[in-house]
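[1] Structure of the sequence below:
(one chain, ligands or ions: 1)
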Amino acid sequence: MNIIRAKNYQDMSRKAANIISAQIIMKPDCVLGLATGSSPIGIYAQLVDWYKKGDLDFSRVSTVNLDEYRGLSHSDPQSYYHFMHENLFRLVNIREDATHVPDGTNLDAASACAAHEEVIHFLGGIDLQLLGLGNNGHIGFNEPGEAFEKETHCVNLTESTIQANSRFFASIADVPTQAYTMGIRSIMMAKKILVIVSGETKADMVANAFFGPVTPQVPASILQMHPNVTVVADEAALSKVPADI
Ligand code: F6R
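    Below is the predicted model:
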């Protein structure tokens, strides 16, 4: 696991965007696994900026997203479909049919999840998977549990995740209680993984997930077993790990 120290959120975003940009330049028809949430917003803004300056070309890039709330329409401002279009897809020259967010409008969980998994296989797997780190150690919506979940599946969100995500909704009652998410196996199959973490509230989890035991109680801990993981974290997020790391 390669850990890159960043000064703050802006620096983390720029360093992580550099890694994604290098992936696109090295392999213009690459498959990017993408995440939503607060952490990647600065990365997407940076990539859009480089695209506008003519330094990046998304015309042959394909994307698959980690997760989506079950039951939200595409036009719902809180859907991850909407988030991805607002923050990236409509701002760069990616083909609409090359972007794949799990279909939260399909209430048939088995069919929605199987379709997403099929897309990943059809594309030949993910070259670079971007991940944020949940406060409780989740990646995607793989919540702490008894076992590492496998492929794309439907989950009941935990109280802690519903609480954390309620900041984006009018009230906590509006937060969906279920989501479709790529599983740990789908994530671990990616050739490269890029994790971004910012802020002191994640510092304990950074120490647990990346320096503690590998356990399904801390889903992100499994990343210690992946052969090609880069973590870009800011000083605040790294404040609970030794300074020489
Ligand atoms: C989002 C996702 C989640 C977030 C995590 C961190 O697609 O899969 O696992 O990455 O909840 O969220 P933020 O970045 O908002 O702290």
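[2] When you work out contacts or count neighbours from here on, use the C-alpha atoms and nothing else.
    Noted.
[3] Which parts of this structure are strands?
    2-6, 31-34, 62-65, 67-69, 99-100, 128-132, 153-156, 178-181, 192-197, 229-234 (DSSP state E).
[4] now for those strands, which one comes closest to the ligand?
    Closest approach to the ligand among those is made by strand 128-132 (3.3 Å; Cα to the nearest ligand atom).
[5] Check the chain and tell me which residue is nearest its centre.
    Geometric centre of the chain, nearest residue: Ala35, 2.7 Å, by Cα atoms, centre = their mean.
[6] ok so, going back, Throw the strands of the chain into CSV and include mean pLDDT, thanks.
    Below are the strands of the chain laid out as CSV (pLDDT from 0 to 100):
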stretch, mean pLDDT
strand 2-6, 97
strand 31-34, 98
strand 62-65, 98
strand 67-69, 97
strand 99-100, 98
strand 128-132, 98
strand 153-156, 95
strand 178-181, 96
strand 192-197, 98
strand 229-234, 98
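[7] now, of those, which is deepest in the fold?
    Mean neighbour count, computed with mean count of other Cα atoms under 10 Å, is highest for strand 67-69 among those, reaching a mean of 27.
[8] give me the beta-bridge partners of Ala6?
    In this structure, Ala6 bridges to Asp234 when assessed by DSSP bridges.
[9] my read: it touches Arg14, true?
    No: look at Ala6 against Arg14 with Cα atoms under 8 Å: they stay out of range, at 9.2 Å.
[10] Report whether the longest helix along the chain contacts the ligand.
    Secondary structure of the chain per DSSP state H: the longest helix is helix 9-26. No: using Cα under 6 Å from any ligand atom, helix 9-26 stays clear of the ligand, coming no nearer than 11.1 Å.
[11] May I see the buried residues of that helix?
    9, 11-18, 20-21, 23-24 (16 or more other Cα atoms under 10 Å).
[12] now these in JSON lines, with pLDDT?
    Formatted as JSON lines, the buried residues of helix 9-26 follow (pLDDT from 0 to 100):
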{"residue": "Tyr9", "pLDDT": "98"}
{"residue": "Asp11", "pLDDT": "98"}
{"residue": "Met12", "pLDDT": "98"}
{"residue": "Ser13", "pLDDT": "98"}
{"residue": "Arg14", "pLDDT": "98"}
{"residue": "Lys15", "pLDDT": "98"}
{"residue": "Ala16", "pLDDT": "98"}
{"residue": "Ala17", "pLDDT": "98"}
{"residue": "Asn18", "pLDDT": "98"}
{"residue": "Ile20", "pLDDT": "98"}
{"residue": "Ser21", "pLDDT": "98"}
{"residue": "Gln23", "pLDDT": "98"}
{"residue": "Ile24", "pLDDT": "98"}
